[in-house]
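Visitor: Sequence isn't available, so here's the structure alone:
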């Protein structure tokens, strides 16, 4: 993957694992300009557009998850660029930097010892086959301020995937480990996990997306 450069943005519309379906549009509008590693300028106000790859709602207090793919940028003047991307942080206060080292605070779980390297499912019924499916993360006290690690803290690992906290309580972010490529992530930019609840992000939620122009994909 090419070098990814971070840019601040915000989610355009609500994202909710209770109602989301595979193929639903996902749009993040940039709040600043960014120059990609190849020198391409993506101006403020551009739209990073993609879709839901797979989704699993929470049921009976179980974890939820939604896999997202942001695959092109819509620029002023109608230009479209194919991009590679990764969501780096969610919620106010996000810095977009590298994930922190594992925290010793609170009751962060041990990393799962088994993985499910299956391919994406066709919707909620097949979401256990979603990219990055990460069984085994079950916080003992979700939402407890006294034990919640700081945003960006890696709290579990599954294969080459790292699971980190965000600025939104009990919403976690799963990405490839730095410099790694887990095969389950090939069709997703990032995975959002809800700890014993549904992921519910309102329109306007701050999001930091790291991106690069996809090789061989000039603007059109």
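Guide: Right, received. Where do you want to start? Owing to the predicted nature of the structure, the values given are computational and were not obtained by experimental measurement.

Visitor: so the residue in the chain sticking out farthest from the centre, which of the three states?
Guide: Ranked by distance from the centre of the chain (C-alpha atoms, centre = their mean), the top residue is residue 77, with 28.1 Å. Classification of residue 77 using DSSP: H, G, I helix; E, B strand; the rest coil returns helix.

Visitor: how close does it get to residue 71?
Guide: Taking C-beta to C-beta, to the nearest Å as the measure, residue 77 and residue 71 are separated by 20 Å. The C-beta positions use only the backbone N, C-alpha and C, and glycine is treated the same way.

Visitor: re the thing from before, contacting residues for the residue farthest from the centre of the chain?
Guide: For residue 77, no residue counts as a contact, taking C-beta atoms under 8 Å, 6 or more residues apart in numbering as the criterion.

Visitor: Same question for residue 9.
Guide: Taking C-beta under 8 Å, 6+ apart as the contact definition, residue 9 lies against 28-31, 48, 206-209.

Visitor: cool, and residue 2?
Guide: Neighbours of residue 2 in contact, by C-beta under 8 Å, 6+ apart: 36-38, 84, 212-215.

Visitor: one step back: name only those of the contacts of residue 9 that count as buried.
Guide: Neighbour counting by 16 or more other C-beta atoms under 10 Å classes 28-30, 48, 206-209 among these as buried.

Visitor: So for the residue nearest the centre of the chain, what's the nearest residue that isn't a sequence neighbour?
Guide: The C-alpha lying nearest the average C-alpha coordinate of the chain belongs to residue 190 (C-alpha atoms, centre = their mean; 3.3 Å). Sequence neighbours aside, residue 87 is the residue nearest to residue 190 in space, at 3.9 Å (criterion: C-beta to C-beta, 6 or more residues apart in numbering).

Visitor: Now do the contacts for that neighbour.
Guide: With C-beta under 8 Å, 6+ apart as the criterion, the residues that contact residue 87 are 68, 70, 173, 175, 189-190, 192, 207-210.
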